[in-house]
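*Asks:* One predicted model, sequence on top.
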Amino acid sequence: MVKQDDNLMKEIVALCKRRGLIYPGSEIYGGLANTWDYGPYGVLLKNNVKQAWWKEMVMKRSDIVGLDSGILMNPKVWEASGHVTSFTDPMVDCTKCHNRFKEDSVDQAIVINGKPGCPAGGEHELTPARQFNLMFQTHIGPVTDEESTAYLRPETAQGIFVNFKNVLDSTRVKLPFGIAQIGKAFRNEITPGNFTFRTLEFEQFELEYFVYPETADKFFADWADERLRWYVDLGLDSAKVHLKAHDKKDLAHYARAVTDIEYKFPFGWSELEGIANRGDYDLAQHAESSGENLDYTDDEGKKVKPYVIEPSGGVDRAVLAFLVDAYREEEVKPSFAKATEGPDEKRIVLRLDPRLAPIKAAVFPLVRKEPVMGKAKEIYENLKGKWFVEYDESGTVGKRYRRQDEIGTPYCITVDFEGLESEPQTVTIRDRDTMEQKRIVIDQVGEWLAGKIN
Ligand code: GAP
């Protein structure tokens, strides 16, 4: 059963904390709003999402190379990119309650007894809108003045544009080609929220794919399809993910066309990733500002100003979508109520794709007795260098299954006397989704798991 009610997000947030996926940031100090920390299982899940992206976008492609550029950059980068002047939201202040809102969301921003209103009573008294820049500022060196101002990057993309010439000069890339990067970005968001959906600090996976201008429309459409396919291939319900083109009037300052990939979160259809045709805006801006020639010279010696197609996604949003999509509350049918499953009738399970699951397999001794425990530890030792696996001997096997279900472990391997007495020796492997168990010869466990997971 897929739970649809309004409490779904609350239950996912609670599961994430209970099971070590995602914790509220700085919690022992009362927290810091809209910051989150990935726990021991969350970091594995997030790494798996990043690895899946890197494998698809860089490793499997001969036309795309990777990059890891700095978070701090010369402030001139952000002047040239337009972020200093245009990366803003119009804000209004209420002079009665002293809250600040995005101009277009003031109606939903403060709710009293379920209705819009000012906490100080009656209607808000709003100032005219002022532009508020979303970049976090810091200062380099001991003196805090205008000269020392620097910004935490609000997107990873600019690190790619400023290294365009370096990559051209140091590798053998030829148009069309891409530069891909995963990294942190920071935005002083005015209306963050919905768990990790919109936060102040987040990770992006961005590709800047440079093309001949006349081919830009085709690559724009191809990349939108390609990126949508990636999410569905990794398990998102295809009925809950779609492409949505932006109206021309809503485009960001740098874009000629944008299509979003949206996911149907419990709080509504929302952007997972944007695919933009940025034209030659960025290279032209940086060429003019830096004085460097950022043209591409083709094999005939002709100069080209490449256009760029940018699939730009949020790692944290992707993780959230995979979590939400995988979350199930299920009634355990009597036919599944094997003796080893215990008496529970309801289970929470994350039906994550095995490639994304934090832990690929858990190994249990059925009882805390030798030689069962020793053999279970031996199997665990053999598997642990190849995948993230766990050994667990605490509590009933039923409870151990439930724990692994809640973090999405696809397979639980149990060692029992029956299997050790057979020739050759066997274990049971229990499938997370069907809860069915099958017997596998111990020597074949690694190969069996590789076939299922890789
Ligand atoms: N370089 C283009 C760019 O940054 P964007 O639409 O502003 O475009 C790209 O951001 C992606 O980054 C979004 O689709 C979203 O997944 C993620 N993202 C943006 N702001 C975010 C925030 N405050 N919290 C979490 N993820 C965010």
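*Replies:* Received it, and whenever you're ready, just let me know what you need. Residues are numbered from 1 along each chain as shown.

*Asks:* Show the average pLDDT along stretch 374-383.
*Replies:* What stretch 374-383 shows for mean pLDDT is 98.

*Asks:* Now find how far off-centre it is within its chain.
*Replies:* On the basis of Cα atoms, centre = their mean, to the nearest Å, stretch 374-383 sits 33 Å off its chain's mean C-alpha point.

*Asks:* what do you get for stretch 418-425?
*Replies:* Put simply, stretch 418-425 sits 43 Å off its chain's centre (Cα atoms, centre = their mean).

*Asks:* Span of that stretch from start to end?
*Replies:* Terminal residues of stretch 418-425 lie 9 Å apart, using Cα to Cα, to the nearest Å.

*Asks:* which of the residues in that stretch are buried?
*Replies:* By 16 or more other Cβ atoms under 10 Å, the buried positions in stretch 418-425 come out as G419. In short, each C-beta sits where N, CA and C put it, glycine included.

*Asks:* Now do the contacts for the residue in the stretch 301-450 of the chain that the ligand sits nearest to.
*Replies:* As assessed by Cβ to the nearest ligand atom, the ligand sits closest to G314 within the stretch 301-450 of the chain, at 2.4 Å. Listed by Cβ atoms under 8 Å, 6 or more residues apart in numbering, the contact set of G314 reads 202-205, 272-273.

*Asks:* what bridges to it?
*Replies:* Assessed by DSSP bridges, G314 has beta-bridge partners Q204.

*Asks:* what does the model give it for pLDDT?
*Replies:* For G314, the predicted pLDDT is 98.

*Asks:* just M91 next, same as before
*Replies:* For M91, pLDDT reads 87.

*Asks:* go on, the one 10 residues further on?
*Replies:* Predicted confidence (pLDDT) for F101: 82.

*Asks:* which stretch of helix or strand covers it?
*Replies:* Using DSSP states H and E, F101 falls within strand 100-102.

*Asks:* And for E390?
*Replies:* strand 389-391.

*Asks:* Next secondary structure after that strand?
*Replies:* helix 397-407.

*Asks:* Who are the packing partners of the helix ranked longest in the chain?
*Replies:* When the chain is parsed with DSSP state H, its longest helix is helix 216-233. Applying 3 or more Cβ pairs under 8 Å, 6 or more residues apart in numbering; DSSP states H and E, one finds that helix 216-233 makes contact with strand 201-211, strand 241-245, strand 257-265, strand 268-277, strand 307-314.

*Asks:* Now do the buried residues in it.
*Replies:* For helix 216-233, using 16+ other Cβ under 10 Å, the buried residues are 216, 219-221, 223-224, 227-228, 230-231.

*Asks:* Where does pLDDT dip in the stretch 101-250 of the chain?
*Replies:* 107-116 (pLDDT under 70).

*Asks:* near the ligand, which residues of it show up?
*Replies:* Residues of the stretch 101-250 of the chain lying close to the ligand (Cβ under 6 Å from any ligand atom) are 155, 157, 187, 189, 198-199, 202, 204, 206.

*Asks:* Any of these buried? List them.
*Replies:* Buried residues within these, defined by neighbour count using 16+ other Cβ under 10 Å: 155, 157, 187, 198-199, 202, 204, 206.

*Asks:* mind listing what's buried in stretch 266-285?
*Replies:* Those would be 266, 270-283, 285, for stretch 266-285 by 16+ other Cβ under 10 Å.

*Asks:* now that stretch, how far from the centre of its chain.
*Replies:* Averaging C-alpha positions (Cα atoms, centre = their mean) puts stretch 266-285 16 Å from its chain's average.

*Asks:* Please apply the same query to stretch 276-289.
*Replies:* Worked out by Cα atoms, centre = their mean, stretch 276-289 lies 27 Å from the chain centre.

*Asks:* pLDDT on it, on average?
*Replies:* Stretch 276-289 comes out with an average pLDDT of 98.

*Asks:* just to revisit the earlier point, so which of the contacts of G314 comes closest to M373?
*Replies:* Closest to M373 out of these is E203 (40.0 Å), distances taken as Cβ to Cβ.

*Asks:* check contacts around the closest one.
*Replies:* Contact analysis of E203 by Cβ under 8 Å, 6+ apart lists 46, 50, 182-185, 314-316.

*Asks:* can you pull out the helices in this protein?
*Replies:* Remark: helices assigned in the chain by DSSP H are 8-18, 40-54, 75-80, 83-86, 106-109, 157-162, 164-170, 216-233, 281-290, 315-326, 372-384, 397-407, 417-421, 445-453.

*Asks:* ok so, going back, out of the contacts of G314, which one sits closest to K399?
*Replies:* E203 (33.9 Å).

*Asks:* mind checking how far the closest one is from R317?
*Replies:* Counting by Cβ to Cβ, to the nearest Å, the separation of E203 from R317 is 10 Å.

*Asks:* do G66 as well
*Replies:* Between G66 and R317 the computed distance is 21 Å (Cβ to Cβ).

*Asks:* who's more crowded, these two?
*Replies:* Using other Cβ atoms under 10 Å as the criterion, G66 and R317 rank with R317 on top: 24 against 15.

*Asks:* residues near the residue lying closest to L356 once chain neighbours are set aside, how many?
*Replies:* Spatial nearest neighbour of L356, excluding adjacent residues (Cβ to Cβ, 6 or more residues apart in numbering): N48 at 4.7 Å. By other Cβ under 10 Å, 22 other residues sit near N48.

*Asks:* Equivalent analysis for R402, please.
*Replies:* Here the number of neighbours of R402 (other Cβ under 10 Å) works out to 19.
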